[in-house]
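In: Build me a model from this:
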Amino acid sequence: MTAIDVHAHFVPTAVLEALAGRGADLGIALLEKAGGARCCRFDDGLEVRPFLPGLLDVDARLAEMDGQRVQRQILSVWTDIFGYGLDASRCDAWHRILNDSLAGLGAARPERFSWMASAPLTDDAAAARELERCVAHGAVGVIVTANVDGRNLGEVPLDEFWSACETLDVPVFVHPSLPRPMPRAEKFSLNQICAYTLDTTLAVGSMIMSGTLDRFPKLRLLLSHGGGNLPYLIGRFDRMHEAADGNVTGDKAAYPPSAYLRRFLYDSILHSRDALLFLRDLVGFERILLGGDAPFPPGDPDPVGSLERAGLDQDTIDLIAVTNPRREYRLHR
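Out: You can find the predicted model right below:
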């Protein structure tokens, strides 16, 4: 049991305890719902879904990992509660609480958990300083949302933060965040099926076209859910890069978008053998890392088994589930 899952969410009890004691000061209310469920309401009016039990129970998570043959999860906090509608000082304080809680869990169970920091992306300098603090306290990467309060990731002024990511040499996990579904995606699970992958695609498209990846050539971006729609739409990206006037569209990319594909890392959450092999053909298995997305329904409840059912040999499974995560998250350190 040596597999490493790079896409797993958790909210330690220390976060709820902090909300119970300091929520009013932070601008976040911890609400009790029917059946004992709890959720967050932010001062900007956002009320997120109740916490799933699987987000909060360490023992249940460890048992689930054992059943999945996963030795280690690299934990990140649930992106819906990042609170980017808070004012700058409150957002900074909130992310310190989130990060300190994950650091505590990682220190308590170092044989099973590593952790990624989050950052108050509404303040470039504060985000960079928080990342530096977290890496000094054991964070092995950082998770960012595909949009920051509705703005595409590549359109948010974050150069100081990206510079810190390069200097600290940490993977940047790009994850969708749509706690308020667009009206057309409110039913039929279309928010999770379609809008999440679109959110990631818009983020990485904006990172390419804005020139961010050219300014920061050492950024290592891990894209959620197999890259969202990017792999399938890459030809369309290239065509518009060639055909459209960059002075009109704002496209500043130095190269065709397809030239950036092998700069990205991708998690394995695709739920389709054919999709996984298509991604392999585009970027190679050395760019794909095992992901499960616990504890959410769109995740893969058996991520190692999915690789086996795709017909991959053991060496390739070890590459995706062990070698690539260890290399990219510097777990040999």
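In: next one: stretch 206-214 to chain centre, how far?
Out: Taking the mean of its C-alpha atoms, stretch 206-214 sits 18 Å from the chain's own mean (C-alpha atoms, centre = their mean, to the nearest Å).
In: give the contact list for residue 154.
Out: Residue 154 makes contacts with 203, 204, 205, 206, 207, 208, 209, 210, 212, as judged by C-beta atoms under 8 Å, 6 or more residues apart in numbering. In short, each C-beta sits where N, CA and C put it, glycine included.
In: Please report how far residue 232 lies from residue 263.
Out: In this view, residue 232 and residue 263 are 18 Å apart by C-beta to C-beta, to the nearest Å.
In: count of neighbours near residue 252?
Out: 14 (other C-beta atoms under 10 Å).
In: State the mean pLDDT of stretch 103-111.
Out: Averaged across stretch 103-111, pLDDT comes to 97.
In: Which positions in that stretch come out as buried?
Out: 103, 105, 106, 109 (16 or more other C-beta atoms under 10 Å).
In: Same question for stretch 70-90.
Out: 70-86, 90.
In: Looking at those residues, which are in helices?
Out: When DSSP state H defines the helices, the subset of those inside them is residue 90.
In: Strands - which of the buried residues of stretch 70-90 land there?
Out: Mapping the buried residues of stretch 70-90 onto strands (DSSP state E) picks out 70, 71, 72, 73, 74, 75, 76.
In: how about the residues you listed, which pair is most distant?
Out: Spatially, the most separated pair among those is 71 and 76, at 17.7 Å (C-beta to C-beta).
In: still on that earlier bit, okay, the ones in strands among the buried residues of stretch 70-90 in a markdown table with pLDDT and distance to residue 225 next?
Out: Listed next are these as a markdown table, based on pLDDT from 0 to 100; distance: C-beta to C-beta, whole Å:
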| residue | pLDDT | distance to residue 225 |
| --- | --- | --- |
| 70 | 98 | 18 |
| 71 | 97 | 23 |
| 72 | 98 | 21 |
| 73 | 98 | 17 |
| 74 | 98 | 16 |
| 75 | 98 | 18 |
| 76 | 98 | 14 |
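In: Kindly reformat those as CSV containing distance to residue 256.
Out: Compiled in CSV, those are given as follows (distance: C-beta to C-beta, whole Å):
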residue, distance to residue 256
70, 37
71, 39
72, 37
73, 36
74, 32
75, 36
76, 31
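In: Would you confirm that residue 324 contacts residue 284?
Out: No - with contact defined as C-beta atoms under 8 Å, residue 324 does not reach residue 284; the gap is 10.4 Å.
In: Please say which of the two ends up with more neighbours.
Out: residue 324 (21 against 12).
In: Name the spans of this protein whose pLDDT lies under the cut-off.
Out: 1, 333 (pLDDT under 70).
In: Could you find the closest non-adjacent residue to residue 316?
Out: Spatially, and ignoring its direct neighbours in sequence, residue 316 is nearest to residue 285 (5.6 Å; C-beta to C-beta, 6 or more residues apart in numbering).
In: Quickly note the distance from that neighbour to residue 257.
Out: Remark: distance between residue 285 and residue 257 (C-beta to C-beta) = 21 Å.
In: And residue 40, by the same measure?
Out: 36 Å.
In: in this structure, which spans are strands?
Out: Going by DSSP E, the chain shows strands at 3-9, 28-32, 38-42, 70-76, 113-117, 141-145, 147-148, 151-152, 172-175, 221-223, 265-267, 288-289.
In: just the CA coordinates of the third one, formatted as CSV?
Out: Translated: strand 38-42. Coordinates of the C-alpha atoms in strand 38-42 are reproduced here as CSV (Å, rounded to 0.1, in the frame of the first residue of the first chain):
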residue,chain,number,x,y,z
ARG,A,38,-23.4,22.4,9.7
CYS,A,39,-22.5,25.0,7.1
CYS,A,40,-20.9,28.3,6.7
ARG,A,41,-22.5,31.7,5.9
PHE,A,42,-20.2,34.5,4.9
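In: elements contacting that strand?
Out: strand 28-32 (3 or more C-beta pairs under 8 Å, 6 or more residues apart in numbering; DSSP states H and E).
In: The strand it packs on: partners in the sheet, and parallel or antiparallel?
Out: Strand pairing for strand 28-32, determined by DSSP bridges: strand 38-42 (antiparallel).
In: Just the buried residues of the strand it pairs with, please?
Out: 39, 40, 42.
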